[in-house]
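[1] with the sequence up front, the predicted model follows.
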Amino acid sequence: MRKPLLLLFISLIVFACTPGAQADAEEEVIPIAETDVRFEFSTTEPNYDEVEMVYYDHTIDAFRDSTLVFNYDNGGNPLPLILLWENHGFKYLRGEIYRNNFSPAELNVKIFVNDTEVYNETEAGTPNQFARIVWDYTID
């Protein structure tokens, strides 16, 4: 009786300590130097809209700014603005986008890292405040 119990006990210990199939399926890690970052900016402003984008540029160790103008389809619907930073190479994303007027239309920012959405924020302006979205994201 002792021998079968001892054998069962040893078998349980061996199988409990053996790594399962999940240990073999390791997650693929993409080096930071090969990280692609995609920004998608959208607006609900009809007719014409432009925004100011300010972002930290690690290559010059300073903030940069640029004016982005939305395009519209034949029906007057705004098309999203897409910026792609291939092989970004840095761990941090810092910046903001704002509309330089008091329009109540919404602004939306989506940020994708290697095609995975990591940030999504929408803001609308008021009669006293510009629509403004700030991001500070660390790539894992």
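    On my side now, so go ahead. Numbering: from 1, shown residues only.

[2] which residue is the nearest non-sequential neighbour of Y56?
    For Y56, ignoring the flanking residues on the chain, the nearest one in space by CB to CB, 6 or more residues apart in numbering is R94 at 4.2 Å. For the C-beta atoms, the positions are set from N, CA and C on the backbone; glycine is no exception.

[3] whoops, I mixed them up, I32
    Leaving aside its sequence neighbours, I32 sits nearest to K91 (CB to CB, 6+ apart; 5.9 Å).

[4] quick one, what contacts the one you found?
    Applying CB atoms under 8 Å, 6 or more residues apart in numbering to K91 gives the contacts 32, 138-139.

[5] quick check: phi and psi on it?
    With angles defined as degrees, to the nearest 10, K91 sits at phi -80, psi -20.

[6] repeat that for N114.
    Dihedral angles of N114 (phi, psi; degrees, to the nearest 10) stand at phi 50, psi 50.

[7] surely it and I30 touch.
    Yes - counting by CB atoms under 8 Å, N114 touches I30, with 5.9 Å between them.
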